[in-house]
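Student: next input, structure requested:
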Amino acid sequence: MTSRKIMVRMGIIMKNKECMNCGSTNFHRITNGCKCDYCGTFYPDFESSRQEKPSIDYTNRKNIKPNIIIMISITLSVIMLLIVFLVLKSNEESTPQSISTDITQLKANDKFPGKWTKGIYENVVVATKYYDANNEKYSFENGASYEELEKLVGKPDSVTTWEEEDYGMPPRATATWNKNKDNEYAGNSVTITYNKNTLMITDKSHY
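Tutor: From the prediction side, this is the model:
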């Protein structure tokens, strides 16, 4: 305990640059400490015996902020791409499907106008309708092709069109067949509604 106090005292004296024995202020450095030039009293180098504090690499710390900014930028970019993909997917309208032309389904005309038959009417697939609440618009998928249908049954007897979007619906047309092969009213009719942009059938009815 006494030696520790002495060493502490020596350390204080060395900080003041004054020998504890003779009061000299002249010293010369030797291994592990220094000696008084006047009386030769040895003073250990306390600073070298202390455990060195680990150095801090501030270069990595400087890079932390840029790395965080890069990670945030990448994350935001991925989120934006995902949002764009989902929006495009919600607005996407698939291409129309083909209409089955199985001859066994086309023969019987069960009170259908013109070239229409029960088989053709039943094979007309109406598109599935989806509503996107974010942009308040409808989209359609997997409907039959009006172009192919017209090749089977001929041009309609009348057509009603909507040239612009209306209540979220795309521009569309309603085609009606209500005459027989002799161009007389058949007493029954078929109505087909289709998307004017894609020609996909979105609705059908038979009266």
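Student: what segments of the protein are strands?
Tutor: Secondary structure of the chain (DSSP state E): strands located at 27-30, 33-36, 42-44, 128-132, 137-141, 158-162, 172-179, 185-195, 201-206.
Student: what inclination does the fifth one have with respect to strand 172-179?
Tutor: So the one you mean is strand 137-141. 60 degrees (axes from the mean of the first three to the mean of the last three CA atoms, to 10 degrees).
Student: in the protein, which segments are predicted with low confidence?
Tutor: For the chain, the stretches with pLDDT under 70 are 1-17, 46-66, 87-94, 100-110.
Student: redo the strands of the chain as CSV? Include mean neighbour count.
Tutor: For every residue, glycine as well, the C-beta is placed using N, CA and C. Converted to CSV, these look like this (neighbours: other CB atoms under 10 Å):
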stretch, mean neighbour count
strand 27-30, 12
strand 33-36, 17
strand 42-44, 15
strand 128-132, 13
strand 137-141, 18
strand 158-162, 12
strand 172-179, 19
strand 185-195, 19
strand 201-206, 19
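Student: just put those strands in JSON lines and tack on distance to Met20.
Tutor: Below are the strands of the chain laid out as JSON lines (distance: least, CB to CB, whole Å):
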{"stretch": "strand 27-30", "distance to Met20": "12"}
{"stretch": "strand 33-36", "distance to Met20": "9"}
{"stretch": "strand 42-44", "distance to Met20": "8"}
{"stretch": "strand 128-132", "distance to Met20": "89"}
{"stretch": "strand 137-141", "distance to Met20": "93"}
{"stretch": "strand 158-162", "distance to Met20": "106"}
{"stretch": "strand 172-179", "distance to Met20": "105"}
{"stretch": "strand 185-195", "distance to Met20": "102"}
{"stretch": "strand 201-206", "distance to Met20": "104"}
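Student: quick check: the residue sitting nearest the centre point of the chain vs Val159, distance?
Tutor: Nearest to the geometric centre of the chain sits Leu82, at 1.4 Å (CA atoms, centre = their mean). According to CB to CB, to the nearest Å, Leu82 stands 41 Å off from Val159.
Student: please apply the same query to Ile69.
Tutor: Using CB to CB, Ile69 is found at 58 Å from Val159.
Student: please apply the same query to Pro44.
Tutor: For Pro44, the distance to Val159 equals 108 Å [CB to CB].
Student: kindly report the same for Leu149.
Tutor: Leu149 sits 13 Å away from Val159, taking CB to CB as the criterion.
Student: quick one: closest of the strands of the chain to Ile99.
Tutor: In terms of CB to CB, the element of the strands of the chain nearest to Ile99 is strand 201-206, at 9.0 Å.
Student: within its sheet, name the partner strands of that closest one and how each one runs.
Tutor: For strand 201-206, the pairing partners within the sheet under DSSP bridges are strand 185-195 (antiparallel).
Student: ok, residues contacting the strand it pairs with?
Tutor: Strand 185-195 has contacts (CB atoms under 8 Å, 6 or more residues apart in numbering) with 93, 111-114, 116, 121, 124, 127, 140, 143, 146, 149, 153, 156, 170-180, 200-207.
Student: surely Leu199 meets Glu147?
Tutor: Yes: assessed by CB atoms under 8 Å, Leu199 is found in contact with Glu147 at 5.1 Å.
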